[in-house]
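Q: Next comes the sequence, and after it the predicted model I'd like to discuss.
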Amino acid sequence: MNELLSIFNVELLIGTIRLSTPIILASIGATICEKSGIVNIAMEGVMIIGAFFSTIITLKTNNPWLGLLAGVMFAMVFSSIHAVATITLHLEHVVSGAVLNIVALGLTRYLMILIIGHPGTTDLVKKSLGQYKYAIPFLSKIPILGPILFNQTPIVYMTFIIIIAITIFLNKTKTGLHIRAAGEHPLAIETLGISVSKMRYLAVLISGFLCGLAGTYLAIENGTSFTEGMTNGRGFIALAANISGGWNPIGSFLASLLFGFADSLQFKLQASKIINMPSEIFTMFPYIITVILVAGLVRKSRPPKALGLDFSIEKTS
Amino acid sequence: MKRKILVSIMVVLIIVAFAMTFSCQKKAAKSNMIVAMATDVGGLGDKSFNDGSYNGLLKAKENFNVEVKVVESKQQTDYVPNLSNFAKEKAKVVFAVGFLMADAMVEAAKNNPDTFFAGVDIFVDPNTAPKNATGILFKEHEAGYLAGIVAGLLTYKYSDALPNLNKKNMVGMVLGMDIPPVERYQAGFYAGVKAVNPTCEVISVVTNVFNDPAKGKEAAIALYDKGCDIVFHIAGLTGNGVFDAAKEKNGYAIGVDVDQNYLNPDVIITSAEKKLTEAVFLTVKSVIDGTFQGGTNVTYGLKEGGVGISDFHNFADKIPQEIKDAIAKAIDDILKGTIVVPATRAEAGYKM
């Protein structure tokens, strides 16, 4: 029993943050996108694009900050394809998202062969964002919370700020409210003279930005290289986290955190050898938690009314 | 109307994407014999398993002027068509790389009796397998055993040799999926550790994925936090995360399949090697010599030079001579047959 309790330490929680950061970012990206009425299943693909370009640029320039910039920018460009397809060209959202996921996998592989000369995995970056770990004076000295929240790497700090910023943005600012209205009753805000398309474009681009950050985190902050398919389904987990979080940034954050916690816990449990189970069950554990969450909580939450619905109006003039 | 156009654009995009993924087939100049290879879903560029096999073909190309063709499998349903296509292109011998391609290779061999098929890491059943299919197996456990001796001695008895070793007498393993070649490495490593250090605790963590470095990192961190100072990874690309963790947590790691030291020279003490290049090359040679044996398995162990342990590189002066002697003795004993390294967890008496 004592041994079981000894797993629940600060390291477990630091691992939780490490594992959930990319999912938190992507799930908040999903939230803001779906709030505007656009279904986005392309997060996985956008993350891969972000991870790829951040690594390539870091390898070429030896500057992870330029890598970060490139990762985020290319992710935004890539996700804008989703915006053009669904908003301007009125394509079914799921179709566009699915296609983008496949394209992202093929494209990164192709570019790897072109740029690096082989697919698979890249060389290690000499400087990663992980080396810019910064302990905030005084705050990092707080027991338990200090090392978890205030002795972190750049993108983790950004994530904390983003959670708060997006919550305020969606609830307190005019543009944020317009985005939400575009997902609830697009005709209403269009008649007020606000462009639904613009709001939806903005939301998709913000989600591209966040997924780009998530990919960059995986490649050059938590890791040191790009590996094909390294997002390994995190984009879809983020989608589930967004739904079980009730289409709400804080909810998405908590659901992602729970997933990261379950994942962190299963590794510690395996290493502790306390429970003897087939390893597959350990691996399934976080996913089962997610399924239970979605099944259990989703009934209480409601998606935006116009989610996935195409919006177009006849311009008479 | 717009919609239809867009759908067709999307369809074209998908086709282009697929075309891109398959466009990496290498073309070569005309020559007498075609030798071909279909990789597993990991694909070329993994800097270990698939690349090692591919280098065997390249070596054959240099030596025998054969034409080399390679295709990468994107999913498991690609296996049979990829293998059969090479037979249609009149390849003399086709390599199927990876345990997961076993059934597909046997099926392709039955459909194409004029082509030789050789499966790396594939066991073919001598009773039922067609005469043109052969399995290339490795005694990974022997390589794991040698790595285990290094880890078992360093972690406790010689823990003064390197600065970041501790006295907790604990070593770890990070596994990709729990498939036979991985289990062989694991069983061998365990036996090696226990042979030189019976009280040492050996802990395994399974990630169930071969291409997710973030999971490998987390698994390794769990082990280092627990008290392990050396972690052996048998996890393909997932293992890259193990090296990251070793660096962050001031631990050491042991690489797998090929000499991985160059990936992270500060933390990778050595690597348990499986000489795919050599095995593939020798198989091509046997086809050319006409000594190719079908319907059976060829096993490459220490004796055949098919497995081994790599150099210590920059650790070489710090590793005590006793450890180097212990390795030499173990190699000797295995060659003489006085030590038989267990190939499964059950034989090794290891409960994960």
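A: Happy to help now that I have it.

Q: rest of the way, CA atoms for contacts and neighbours
A: Fine.

Q: any low-confidence regions in chain B?
A: Scanning chain B for pLDDT under 70 picks out B:1-2, B:19-31, B:41-42.

Q: And the strands in it, which stretches?
A: B:34-39, B:67-72, B:93-97, B:116-120, B:133-138, B:170-175, B:201-206, B:230-234, B:252-257, B:268-274, B:296-300, B:307-309 (DSSP state E).

Q: export the ones you listed to a markdown table and tack on mean neighbour count and distance to A:Asp310?
A: What follows is these, written out as a markdown table (neighbours: other CA atoms under 10 Å in any protein chain shown; distance: least, CA to CA, whole Å):
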| stretch | mean neighbour count | distance to A:Asp310 |
| --- | --- | --- |
| strand B:34-39 | 25 | 43 |
| strand B:67-72 | 22 | 39 |
| strand B:93-97 | 28 | 47 |
| strand B:116-120 | 28 | 51 |
| strand B:133-138 | 26 | 56 |
| strand B:170-175 | 27 | 47 |
| strand B:201-206 | 23 | 45 |
| strand B:230-234 | 30 | 49 |
| strand B:252-257 | 28 | 52 |
| strand B:268-274 | 27 | 55 |
| strand B:296-300 | 19 | 60 |
| strand B:307-309 | 25 | 60 |
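
Q: Turn those strands into a markdown table, including distance to chain A.
A: Conversion of the strands of chain B to a markdown table gives the following (distance: least, CA to the nearest CA, whole Å):
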| stretch | distance to chain A |
| --- | --- |
| strand B:34-39 | 12 |
| strand B:67-72 | 10 |
| strand B:93-97 | 15 |
| strand B:116-120 | 19 |
| strand B:133-138 | 23 |
| strand B:170-175 | 8 |
| strand B:201-206 | 6 |
| strand B:230-234 | 12 |
| strand B:252-257 | 16 |
| strand B:268-274 | 14 |
| strand B:296-300 | 26 |
| strand B:307-309 | 23 |
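
Q: Contact partners for the residue of chain B found nearest chain A?
A: Proximity of chain B to chain A (CA to the nearest CA) peaks at B:Gly45, 4.2 Å away. Shown in contact with B:Gly45 (CA atoms under 8 Å, 6 or more residues apart in numbering or on different chains): A:His118, A:Pro119, A:Gly120, A:Thr121, B:Asp51.

Q: who's in contact with the nearest residue to A:Glu190 once chain neighbours are set aside?
A: Once flanking residues are discounted, A:Glu190 sits nearest to A:Val196: 6.0 Å by CA to CA, 6 or more residues apart in numbering or on different chains. Going by CA under 8 Å, 6+ apart, A:Val196 touches A:Ile179, A:Ala182, A:Pro186, A:Ile189, A:Glu190.

Q: Let's see the pLDDT reported for the second one.
A: As predicted, A:Ala182 sits at a pLDDT of 94.

Q: burial count for it?
A: 31 (other CA atoms under 10 Å in any protein chain shown).

Q: Make sure it is actually in contact with A:Cys33.
A: No. Taking contacts as CA atoms under 8 Å, A:Ala182 lies outside contact range of A:Cys33: 10.6 Å.

Q: Give the residues shared as contacts by these two.
A: A:Arg200.

Q: so where's the longest helix in the chain?
A: All of this is about chain A. helix A:10-35 (DSSP state H).

Q: that's the wrong chain, I wanted chain B
A: From DSSP H, the single longest helix across chain B is helix B:2-22.

Q: Packing partners of that one?
A: Helix B:2-22 is packed against helix A:93-115, with contacts defined by 3 or more CA pairs under 8 Å, 6 or more residues apart in numbering or on different chains; DSSP states H and E.

Q: Repeat the analysis, applying 10 Å as the threshold.
A: Packing partners of helix B:2-22 (3 or more CA pairs under 10 Å, 6 or more residues apart in numbering or on different chains; DSSP states H and E): helix A:93-115, strand B:67-72.

Q: Lowest average confidence across the ones you listed, which one?
A: Note on those: lowest mean pLDDT is at strand B:67-72, with a mean of 89.

Q: Can you give the strand pairings for that strand, parallel or anti for each?
A: Strand B:67-72 sits in its sheet next to strand B:34-39 (parallel), going by DSSP bridges.

Q: Give the burial count for residue 217, as a bare number.
A: Picking chain A for this. 30.

Q: my question was about chain B
A: The burial count for B:Lys217: 25, using other CA under 10 Å.

Q: Find the residue closest to it in space, skipping its chain neighbours.
A: Closest residue to B:Lys217 apart from its sequence neighbours, by CA to CA, 6+ apart: B:Gly241 at 4.0 Å.

Q: Quick one: residues contacting the one you found.
A: Shown in contact with B:Gly241 (CA atoms under 10 Å, 6 or more residues apart in numbering or on different chains): A:222-225, B:211-221, B:233, B:235, B:247.

Q: please redo it, this time with the cut-off set to 8 Å
A: Shown in contact with B:Gly241 (CA under 8 Å, 6+ apart): A:Gly223, B:Asp212, B:Pro213, B:Ala214, B:Lys215, B:Gly216, B:Lys217, B:Glu218, B:Ala220.

Q: just to revisit the earlier point, give the other helices and strands that whichever helix or strand comes after the longest helix of chain A contacts.
A: The helix or strand immediately downstream of helix A:10-35 is helix A:43-61, counting by DSSP states H and E. For helix A:43-61, the packing partners by 3+ CA pairs under 8 Å, 6+ apart come out as helix A:10-35, helix A:64-83, helix A:93-115, helix A:196-216, helix A:234-244.

Q: Which residues belonging to helix A:43-61 are considered buried?
A: Within helix A:43-61, the residues scored as buried using 16 or more other CA atoms under 10 Å in any protein chain shown are A:43-59.

Q: Report the angle between that helix and helix A:196-216.
A: If you take axes from the mean of the first three to the mean of the last three CA atoms, to 10 degrees, helix A:43-61 sits at 60 degrees to helix A:196-216.

Q: avg pLDDT for helix A:43-61?
A: Averaging pLDDT along helix A:43-61 yields 97.

Q: For chain B, what's its nearest residue on the stretch 51-200 of chain A.
A: Among all residues of the stretch 51-200 of chain A, A:Gly120 sits closest to chain B, at 4.2 Å; criterion: CA to the nearest CA.

Q: Need the nearest residue in space to that residue, chain neighbours excluded.
A: B:Gly45 (4.2 Å).

Q: Return the residues of the stretch 151-300 of chain B in contact with chain A.
A: When proximity is defined by CA under 8 Å from any CA of the partner chain, the stretch 151-300 of chain B lies next to chain A at B:203-208, B:211-214, B:218-219, B:222-223, B:225-226, B:237, B:241, B:244, B:263.

Q: among these, which ones are buried?
A: For these, buried by 16+ other CA under 10 Å: B:203-208, B:211-214, B:218-219, B:222-223, B:226, B:237, B:241, B:244.

Q: all helices of the stretch 51-200 of chain B, in order?
A: B:79-88, B:102-111, B:140-155, B:180-196 (DSSP state H, counting those that start in this stretch).

Q: Dump those to CSV, plus mean neighbour count.
A: Putting those into CSV (neighbours: other CA atoms under 10 Å in any protein chain shown) gives the following:
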stretch, mean neighbour count
helix B:79-88, 20
helix B:102-111, 21
helix B:140-155, 30
helix B:180-196, 25
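
Q: Looking at those helices, spot the one closest to A:Ser6.
A: Nearest of the helices of the stretch 51-200 of chain B to A:Ser6, taken as CA to CA: helix B:140-155 at 23.2 Å.

Q: And that closest one, what does it pack against?
A: Partner elements for helix B:140-155 (3+ CA pairs under 8 Å, 6+ apart): strand B:170-175, helix B:180-196, strand B:268-274, strand B:307-309, helix B:321-336.

Q: Dump these into JSON lines; add distance to B:Lys131 as well.
A: Shown next, in JSON lines, are those (distance: least, CA to CA, whole Å):
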{"stretch": "strand B:170-175", "distance to B:Lys131": "34"}
{"stretch": "helix B:180-196", "distance to B:Lys131": "24"}
{"stretch": "strand B:268-274", "distance to B:Lys131": "26"}
{"stretch": "strand B:307-309", "distance to B:Lys131": "27"}
{"stretch": "helix B:321-336", "distance to B:Lys131": "30"}
